[in-house]
Each structure stands twice: as structure tokens, then as C-alpha cells.
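Undergrad: Just a sequence and a predicted model for now, questions to come.
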Amino acid sequence: MSLSIYDASIPPMLHALGTLSAVLDKASAHCEKEKIDPTVLLTARLFPDMFTLTRQVQVVSDTAKGGAARLAGVEAPKFADTEASFADLKARLEKTAGFLKSLQSGAFGSGDRAIEVKFPQRTLLFPSGWNYLLSFVFPNVYFHSATAYDILRHNGVKLGKGDYLGAIGEG
């Protein structure tokens, strides 16, 4: 049995969105318990030239929905980057997951179609959907998810590797 590009992309991205949402729950609870203004963590970054926690989560969302949309050949929903709380960020992740769940596996085809991604300063051309997924989408989703985790861990939120991995090996 061969693995479809839908099965290789959507379930792992849904898993990543879910684990990031659970990490945000722990961060919110940490702020309540320790009497920390949530804005302190939401605006935290690992280094001055890196994105804040809020922006890291937004990029995970944008990469997941944009990646899935390009693979399925549909338009991605646009979300305003206005999140100002853990609840707002969790709602964004939930909307992103809802979009991913709405995509039909048949729209993804075989993954052989070339993918073009336009940025203001450059355009990236991937020879296939598989190349795009494996060399751009997954690395970006995981990089920004891990960086969000690292920001929170660096700021004292009690997280472990299991929080980043989420529920694995259970089915």
C-alpha cells in the first residue's frame, strides 16, 4: 500500500496543531498559577531578531493552512494577525484545524504537481507537492512549533518532550 500525500500531510499537521494548542494551555495555566501577565509570555522571544511567541504560533497556522491549500489546489483562508491572548491563539489553531479537516483527500492528487510559493522578495518553485511538503511545509511547521515550545520552556513553563510530541503510539 502506498501512502497518499493527503495521509502524509493532513494527520501530522493536525497532530502538530493539537500539541501546540495543549502547550498553550500549559502556558496559560502557568501564568495564572504564577500570577504572570500573559503578555509577558505572548511577546517573549528567544533572541531580539526572532519572532515572538504569538508570531511563532501564527506562522505555524499560516504554514499548515497554506501548505494544505496549495497541495489541495484550493484557496487558503486568510486570518488577521490580531491574536492578543492564549485563547485567541488557540482559536486560530482550531480554525486552522477546521480548515484542514474540511479538505477532501481526492483534491490532493498524487503529489506530482509542481508548487509555486510567492513571497514579496522571491518566489520558490517546488518540483512536486511531495518535495514542497517534505522540504518546506513540515520543516517550517516543526521549526516554529519547537520555537514556541522553547520560548515557553525558557520562560519557566513546565514542559517536557512529551508535551511537544503529544499523544503518540496510541493507534
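TA: Cool, got the structure.
Undergrad: quick one: residue 47 from residue 155, how far?
TA: In this structure, residue 47 lies at 13 Å from residue 155, with CB to CB, to the nearest Å as the measure. Every C-beta, even on glycine, is put in place using the N, C-alpha and C of the backbone.
Undergrad: More neighbours: these two, which one.
TA: Between residue 47 and residue 155, residue 155 has the larger neighbour count (other CB atoms under 10 Å), namely 16 against 6.
Undergrad: pLDDT value on residue 79, please?
TA: On pLDDT, residue 79 comes in at 97.
Undergrad: Could you pull up the residues touching it?
TA: 58, 61, 62, 65, 92, 95, 96 (CB atoms under 8 Å, 6 or more residues apart in numbering).
Undergrad: switch the cut-off to 7 Å
TA: 61, 92, 95 (CB atoms under 7 Å, 6 or more residues apart in numbering).
Undergrad: Give me the mean pLDDT for whatever helix or strand the last one lives in.
TA: Residue 95 belongs to helix 86-102 when elements are defined using DSSP states H and E. Helix 86-102 shows a mean pLDDT of 98.
Undergrad: and if you look at stretch 112-132?
TA: pLDDT averaged over stretch 112-132 gives 95.
Undergrad: Now it - C-alpha only, CSV.
TA: Extracted C-alpha coordinates of stretch 112-132, given in CSV (Å, rounded to 0.1, in the frame of the first residue of the first chain):
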residue,chain,number,x,y,z
ASP,A,112,3.3,15.2,-8.5
ARG,A,113,2.0,18.7,-9.3
ALA,A,114,4.6,21.5,-9.1
ILE,A,115,4.0,24.0,-6.3
GLU,A,116,4.9,27.7,-6.5
VAL,A,117,5.1,29.9,-3.4
LYS,A,118,5.3,33.6,-3.9
PHE,A,119,6.9,35.9,-1.2
PRO,A,120,7.3,39.6,-1.5
GLN,A,121,11.1,39.3,-2.2
ARG,A,122,11.2,35.9,-4.0
THR,A,123,9.3,33.0,-5.5
LEU,A,124,10.0,29.4,-4.6
LEU,A,125,9.2,26.7,-7.1
PHE,A,126,9.0,23.1,-5.9
PRO,A,127,9.1,20.3,-8.5
SER,A,128,6.3,18.4,-6.8
GLY,A,129,3.8,18.5,-3.9
TRP,A,130,5.9,15.8,-2.1
ASN,A,131,9.0,18.0,-2.4
TYR,A,132,7.1,21.0,-1.1
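Undergrad: List the buried residues for it?
TA: Neighbour-count burial for stretch 112-132 flags 113, 115, 126, 129, 130, 132 (criterion: 16 or more other CB atoms under 10 Å).
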